[in-house]
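In: what follows is a predicted structure for the sequence shown.
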Amino acid sequence: MYDIIKALHIIFIVTWFAGLFYMFRLYVYHVEVADRDEPDRSILLTQLRLMEKRLWYIITWPSCILTLIFGPWMVVLNPDLLTQPWMHLKLLFIVFLLMYQWYGQVIYKRLGVNPKAFKSFYLRLMNEVGTLILVSVVFLVVLKDSVSWIWGSVGLVGLGVMLAFFAKMYKNRREKRQKS
């Protein structure tokens with residue numbers, strides 16, 4: 001029974017992250033479309049809002065909830081998990097992920113009212129937060145206690161800096177291309 005619950009937990013983690021990654025990408029498109037001329041702006045915003053609503057409420061939120069059902073269920077079946085230090089850190093990352101999900105909901109609501117409520121570069125950076133959490137949790141679960149917390153923290157900060165650097169490079173490249 002434990003392995004079935006674990007498999008379902010992993011499946012819904014994957015769909016939850018897929019929803020988050022795509023949703024934040026749709027937010028970027030949403031903001032960028034707001035600068036277009038009519039009738040493109042209205043047509044594309046209508047389509048993006050429909051895609052966002054379906055993705056958010058049919059895939060992302062249900063996946064989040066099912067992940068949060070199957071994860072604790074695994075702990076009920078194997079309470080020793082809570083005695084392991086790596087699990088405490090994983091639970092902290094889950095709190096961060098839930099805050100990220102909640103902030104995604106805030107963005108969803110604000111963009112519904114004002115399509116220019118955020119800058120696209122900011123949303124591109126926010127898109128990478130999910131990547132940082134995913135990489136952290138996967139390495140934590142796979143390696144457990146075999147890597148020191150110091151090296152794990154250095155790696156996480158390094159990954160964050162690298163993602164921000166590439167996002168900035170991409171922004172500069174896009175701006176140059178738009179000027180020419």
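Out: Noted; the coordinates are in hand. Please read all numbers here as calculations on a predicted model, not as lab measurements.

In: for the chain, give me the ranges with low pLDDT.
Out: Applying pLDDT under 70 to the chain picks out residues 145-154, 156-157.

In: same thing but at 90, please
Out: Low-confidence segments of the chain (pLDDT under 90): 34-37, 40-41, 84-90, 92-93, 115-116, 120-121, 124-125, 128-129, 131-133, 135-180.

In: centroid-nearest residue for it?
Out: When C-alpha atoms, centre = their mean is applied to the chain, the residue found nearest the centroid is residue 130 (3.2 Å).

In: not counting its neighbours along the chain, what's nearest that one?
Out: With sequence-adjacent residues excluded and distances taken as C-beta to C-beta, 6 or more residues apart in numbering, residue 130 is closest to residue 20, at 4.7 Å. C-betas here are computed from N, CA, C, even on glycine.

In: mind listing what that neighbour touches?
Out: Residues in contact with residue 20, defined by C-beta atoms under 8 Å, 6 or more residues apart in numbering, are 60, 100-101, 104, 130.

In: residue 12 versus that one, what's the distance?
Out: 12 Å (C-beta to C-beta, to the nearest Å).

In: please apply the same query to residue 58.
Out: On the measure of C-beta to C-beta, residue 58 and residue 12 end up 14 Å apart.

In: more neighbours, the two?
Out: A direct count of neighbours by other C-beta atoms under 10 Å for residue 58 and residue 12 places residue 12 higher, at 20 against 11.

In: residues in contact with residue 30?
Out: Residue 30 makes contact with 45, 48-49, 52, 111, 115, according to C-beta under 8 Å, 6+ apart.

In: one step back: hmm, the residue nearest to the centre of the chain is touching residue 24, no?
Out: Yes - using C-beta atoms under 8 Å, residue 130 is in contact with residue 24, at 6.8 Å.

In: what packs against whichever strand or helix holds residue 130?
Out: Assigned by DSSP states H and E, residue 130 belongs to helix 120-143. Judged by 3 or more C-beta pairs under 8 Å, 6 or more residues apart in numbering; DSSP states H and E, helix 120-143 is in contact with helix 2-33, helix 85-113, helix 149-179.

In: which of the residues in it are buried?
Out: Neighbour-count burial for helix 120-143, counted by 16 or more other C-beta atoms under 10 Å, picks out 120-121, 123-134, 136-137, 140.

In: residues in contact with it: which ones?
Out: Contact with helix 120-143 is made by 17, 20-21, 24-25, 27-28, 31-32, 86, 89-90, 93-94, 96-97, 100, 103, 107, 147, 152, 155-156, 159-160, 163-164, 167, 170-171, as judged by C-beta under 8 Å, 6+ apart.
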